[in-house]
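> All I have is the shape, not the residue letters:
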Ligand code: NAD
């Protein structure tokens, strides 16, 4: 395999082209790095070569390090990781010093990099080691260091170089938030040097004209001072103190990568460049050996991508949607229409009244206007997207739709009626989907003349922001309907999970116990602030009480009533209902009503826990341990996920983990509920669950599956990090 090839031109410029055979995108493997190393040696040693340009044979430069390789590196242990990273540092340092005399800094060969498109992770760290970076004028290109998003940080010198280039403050958004920029913004931020129509020609010209001084990086020059000041400089001191506080405030100490990154930056800033690289490598090794990064890479990258590419798609010909019918232009219908039209799909948006249908279409216009004001869309784009949406009351317009998504009121009778009306018009082979959040798919399918073509496609609100779509198979749903739903989700660039039909499907089934556990604690007299902080310190983006306010207390009341009606005597949540019914009676209906567990100001901004809560449910004198609260909140969700797996609602733990993070924000650092239980180990998890069950009730009793795993010493994920062994 040759990932890199070199062409030495007659003009003395050696062009090294990165072009992974058979792949649409370049990623760096250890073998690839070794190839590049050999080519650099060759070019530096060849007297006929005056300079080097590193470019890509693809539309983009590179997507980063091969994360599968990173995952595998860990198997060799910490020393192997460190050694691997250091060899990468040596290669990049060799490029940076380019054969120059270490004392005089003269005699090196200029090396430029050319980014035809996207350059991420090591795809930017490698260019950062070259002497000048040229990017194509390609507004679609994304340039940046997104490592932090999957629980690691730039460990190929990107951290050390960027901080020395931009200063700690300037580098912070790129390192700490993984901010990506288009070439123009990347240039003004100082990430790259030039944007050109023909970057290869520009790079070649530059290489031929470059002099010795052009090759010396500021940090290798005499008298270098870090922009914004070193940590012991008064200004730098303020930056570092502020950054530590900010990072801790945002992550509450949950994300090891953010902390390690700060340490690498701070410690690195105190020492010479080469020592800083070593420090960066040590912290990177530390983070890589932390189970959190394995879990995050697994769920947020490898498995997420596998699901998006159809890991669980049944065999069926291409089912891409050409014409989509949407029934109900309310909050959900309008959102689905928008994301579909954005993906180039023709949409017929139907509501009972014309003005309701128009309002649904107007939602798309509002979102596009917002995008235009942020310069993320143009008037032409807006016109094009809106022209794809036909807002109407006329079911005949559904003719020729190959998929219909129903999003009318959550009422079986209304849903049955619109199903029949639509099926009378749409082609025989069209698929009909319902976006219900609570009604069993198999029951709704009874209204359909073609139950094998009937399926659940469950979106989350707000549709344009939420990445997860839950696909639900009814008892009679056939494989083509599943393939259709998956192909549709892929078209609109969201992440699918496929589950079987059961009360609340998967995501809502697991989130409800989390919310309920928080509410129960309020009734028990646990401090609401303690509950909320405990959740956030465990990595939940929102505490349970805030989340109830966000999703609305009215909805909670509705769901509670329906569930009680369905379950009868066995209904277990009286204690929860006592709280939310009382809040609802007082008009505290959630954030939209500007009153819930929290108080809100006129603008709807959260102010703090409603003081009246303590009058209704006095706080106990003695408060529980933080860990106990965290265990209750985490086990409430995780045990439910295990039950969903045990009952085959969930067929694949990868979907359980990815769905949990994207669907309801389950502590991302843990990789999801199954990843988290693996970190604890089944035996320890059973032990904790047993003690919670004893103290708080049978809802914490460990499922048989988990108990069996504990007895056999099994894990959910095999060593290879994928499906359960
Ligand atoms: P909504 O009340 O905002 O919208 C429902 C729309 O359906 C209204 O515009 C209504 O006029 C229209 N409608 C009612 N009867 C109709 C008929 N016979 N023909 C055509 N249109 C009709 O409700 P929503 O929040 O958009 O929810 C719609 C569906 O999506 C429900 O099944 C709900 O359970 C589900 N859902 C909602 C959420 C959420 O967060 N709101 C999330 C996932 C799924």
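Yes, it's here. Remember, it's a predicted structure, so these values are computed and weren't measured experimentally. Residues are numbered from 1 along each chain as shown.
> Of all the residues in the helix or strand where residue 519 lies, which ones are buried?
Following DSSP states H and E, the helix or strand that holds residue 519 is helix 507-524. Buried positions in helix 507-524, judged by neighbour count with 16 or more other Cβ atoms under 10 Å: 507-523. Where C-beta positions appear, they are placed from N, C-alpha and C, glycine not excepted.
> go on, stretch 553-561?
Going by neighbour count (16+ other Cβ under 10 Å), the buried part of stretch 553-561 is 553-557, 559-560.
> Setting aside sequence neighbours, what's the nearest residue to the residue nearest the centre of the chain?
Of all residues in the chain, the one closest to the mean position by Cα atoms, centre = their mean is residue 300, 5.8 Å from it. Distances taken as Cβ to Cβ, 6 or more residues apart in numbering put residue 150 closest to residue 300, at 5.1 Å, once the chain neighbours are dropped.
> same question, residue 593
Per Cβ to Cβ, 6+ apart, closest to residue 593 is residue 587, 6.7 Å.
> Hmm, that neighbour is touching residue 594, no?
No - Residue 587 is beyond contact range of residue 594, at 9.9 Å (criterion: Cβ atoms under 8 Å).
> Just want to know which of those two has more residues nearby.
The neighbour comparison of residue 587 against residue 594 (other Cβ atoms under 10 Å) goes to residue 594, with 20 against 10.
> so who does the residue of the chain found nearest the ligand touch?
Closest residue of the chain to the ligand, Cβ to the nearest ligand atom: residue 330 (1.7 Å). Contact partners of residue 330, counting by Cβ atoms under 8 Å, 6 or more residues apart in numbering, are 351, 356, 360, 407-408.
> one step back: dihedrals phi and psi, the residue nearest to residue 300?
Residue 150 adopts backbone torsions of phi -110, psi 30, taken as degrees, to the nearest 10.
> Run a quick neighbour tally on it.
Neighbour count of residue 150, defined by other Cβ under 10 Å: 24.
> swap in residue 601?
By other Cβ under 10 Å, 9 other residues sit near residue 601.
> what lines up beside the helix or strand hosting residue 326 in the sheet?
Assigned by DSSP H and E, residue 326 belongs to strand 323-327. Here strand 323-327 has these sheet partners by DSSP bridges: strand 346-350 (parallel), strand 403-406 (parallel).
> Make TSV from these and add distance to residue 532 to it.
TSV is the format used below for these (distance: least, Cβ to Cβ, whole Å):
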stretch	distance to residue 532
strand 346-350	39
strand 403-406	35
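> Just send those back as JSON lines, with distance to residue 438, mean pLDDT and mean neighbour count too.
As requested, the strands paired with strand 323-327 are exported to JSON lines (distance: least, Cβ to Cβ, whole Å; pLDDT from 0 to 100; neighbours: other Cβ atoms under 10 Å):
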{"stretch": "strand 346-350", "distance to residue 438": "22", "mean pLDDT": "98", "mean neighbour count": "25"}
{"stretch": "strand 403-406", "distance to residue 438": "14", "mean pLDDT": "98", "mean neighbour count": "26"}
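> how about TSV for those, with distance to the ligand added?
TSV is the format used below for these (distance: least, Cβ to the nearest ligand atom, whole Å):
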stretch	distance to the ligand
strand 346-350	6
strand 403-406	8
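> Residue 384: which of those strands is closest?
If you check each of the strands paired with strand 323-327 against residue 384 by Cβ to Cβ, strand 346-350 wins as the nearest, at 11.8 Å.
> Show the contacting residues for the closest residue to residue 138 other than its chain neighbours.
Leaving aside its sequence neighbours, residue 138 sits nearest to residue 117 (Cβ to Cβ, 6+ apart; 5.3 Å). When contacts are counted by Cβ under 8 Å, 6+ apart, residue 117 touches 56, 58-61, 136, 138, 140-141.
> Number of residues surrounding the nearest residue to residue 100 once chain neighbours are set aside?
Leaving aside its chain neighbours, residue 100 sits nearest to residue 108 (3.1 Å; criterion: Cβ to Cβ, 6+ apart). Using other Cβ under 10 Å, residue 108 has 20 other residues around it.
> Residue 108 reaches residue 96, doesn't it?
No - contact criterion Cβ under 8 Å: residue 108 and residue 96 do not qualify, at 9.2 Å.
> near the ligand, which residues of this structure?
Within the chain, the residues that sit near the ligand (Cβ under 6 Å from any ligand atom) are 327-333, 350-352, 356, 407-410, 414, 417-418, 435-437, 458-459, 461.
> out of those, which are inside helices?
Residues of the residues of the chain next to the ligand located in helices (DSSP state H): 331-333, 356, 414, 417-418.
> Separate out the buried members of those.
Buried by 16+ other Cβ under 10 Å: 332-333, 356, 418, out of those.
> coming back round to it: which of the contacts of residue 117 has the most neighbours?
residue 61 leads the contacts of residue 117 on contacts (other Cβ under 10 Å) with 28 neighbours.
> helices and strands around the helix or strand bottoming out on mean pLDDT in the chain, which ones?
Least confident helix or strand, the chain: helix 67-73 with a mean of 78, by mean pLDDT, DSSP states H and E. On a contact count with 3 or more Cβ pairs under 8 Å, 6 or more residues apart in numbering; DSSP states H and E, helix 67-73 meets helix 78-97.
> Quick one: residues in contact with the helix it packs on.
Applying Cβ under 8 Å, 6+ apart, the contact partners of helix 78-97 are 30, 33, 36-37, 40-41, 44, 73-74, 76, 108, 111, 122, 125-126, 129-131, 155-157, 217, 220, 274, 277-278, 280-282, 284-285, 288-289.
> Filter these down to the ones in strands?
Mapping the contacts of helix 78-97 onto strands (DSSP state E) picks out residue 111.
> Kindly write the PyMOL command that selects the buried subset of the contacts of helix 78-97.
Here is the PyMOL command that selects the buried residues among these (16+ other Cβ under 10 Å):
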select buried, resi 33+36+37+40+44+73+74+108+111+122+125+126+129+130+131+155+156+157+217+220+277+280+281+282+284+285+288+289
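> Point out where the protein drops to low pLDDT.
Residue ranges of the chain with pLDDT under 70: 1, 719-725.
> nearest spatial neighbour of residue 197, skipping sequence neighbours?
Leaving aside its sequence neighbours, residue 197 sits nearest to residue 137 (Cβ to Cβ, 6+ apart; 5.6 Å).
> Around the closest residue to residue 212 other than its chain neighbours, count how many other residues there are.
Leaving aside its chain neighbours, residue 212 sits nearest to residue 106 (4.6 Å; criterion: Cβ to Cβ, 6+ apart). Look at residue 106: counted by other Cβ under 10 Å, it has 12 neighbours.
> ok, residue 717 - how many residues close by?
Residue 717 is flanked by 23 other residues according to other Cβ under 10 Å.
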